[in-house]
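**Q** Sharing a model prediction with you, sequence too.
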Amino acid sequence: MDLSIIIPVWNESKKIINDINAASDFLAENKFNGEIIIVDDGSTDKTVEIAKSATIPASVILQVLQNAIHKGKGFAVKTGIIKSKGDFVMFADSGLCVPYSFALDGLKLIKNQQTEIAHGSRKLDESQILNPQSFSRKISAKLFRWLISVWMKIPKELTDTQCGFKIYQGVIARELYSQSKIDGFMFDIEIISKAVELGYKIKEFPIEWTADRDGRLSLAKTPLGMFKELWKIKKPDF
């Protein structure tokens, strides 16, 4: 298996077919022996039924996994990555904020042994932002970046820890996520912390990005849950 694409979803019935079509077209066009793993995190709409009805090329494997209850994006991504079989593993947010073609740049970095983990970043000078975030989200993102740099000791060269477009060597992805304890949105910080601790290299690459106004993460609206998860990462035995 060349590449596993994990797509975590929660009530994404309006987007899921486009997600699957784009991911399967990317795998087929690049002649990857690949799989798409949709992990539904307790949706109450028809996301699962629609995903299972998708028509994809015969060369692509589609799995639709379903959590009975809503547990969080981190839990969904972890579930998919642990089930993956690819030499390379990526996860991408629902909504096609980043065209899948940009994954080739991240894969190239890993294949050329420049890094073991490649993150898409909206903050690099070369990145193209077609539909920017709202002003409030920009301010929240700046404050969050300062917090994780100062308090969580996340390397300052990582400009965009929360971008939902990340690629890993498969064995490393499965190693890191099998140890993950964070079920919510701060799972990215936990995985980065573990990767740094284990000495794995992380390199960012530029992307084209269009803001999804239906995004579920709001650092301004959910600070308590965010801090609880960050504290759990910082003090796992507390």
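**A** Received it, and whenever you're ready, just let me know what you need. Remember, it's a predicted structure, so these values are computed and weren't measured experimentally.

**Q** Quick one: residues in contact with stretch 95-109.
**A** Around stretch 95-109, the neighbours that count as contacts under Cβ atoms under 8 Å, 6 or more residues apart in numbering are 3, 5, 12, 15, 18-19, 22-23, 25-26, 30, 88, 90, 92, 115, 118-120, 163-167, 203, 205-212, 214-215. In this view, the C-beta of every residue, glycine as well, is placed from N, C-alpha and C.

**Q** Now for this protein, the helix or strand with the poorest mean pLDDT.
**A** In the chain, no helix or strand scores lower on mean pLDDT, DSSP states H and E than helix 135-150, which sits at a mean of 71.

**Q** ok so, going back, now, which of the contacts of stretch 95-109 lie within strands?
**A** 3, 5, 88, 90, 92, 118-120, 165-167, 203, 205-206, 208-210 (DSSP state E).

**Q** And the residues you listed, which of them are buried?
**A** 3, 5, 88, 90, 92, 118-120, 165-167, 203, 205-206, 209 (16 or more other Cβ atoms under 10 Å).

**Q** so where do the helices sit in this structure?
**A** When assigned using DSSP state H, the helices of the chain occupy the ranges 16-29, 47-52, 73-83, 103-111, 135-150, 170-178, 187-197, 223-234.

**Q** Buried residues, the third one. List them.
**A** If you call a residue buried by 16+ other Cβ under 10 Å, then helix 73-83 has these buried ones: 73-81.

**Q** Taking helix 170-178 as reference, get the angle to it.
**A** 140 degrees (axes from the mean of the first three to the mean of the last three Cα atoms, to 10 degrees).

**Q** same for helix 73-83, what does it pack against?
**A** strand 3-9, strand 34-41, strand 60-67, strand 88-92, helix 170-178, helix 187-197 (3 or more Cβ pairs under 8 Å, 6 or more residues apart in numbering; DSSP states H and E).
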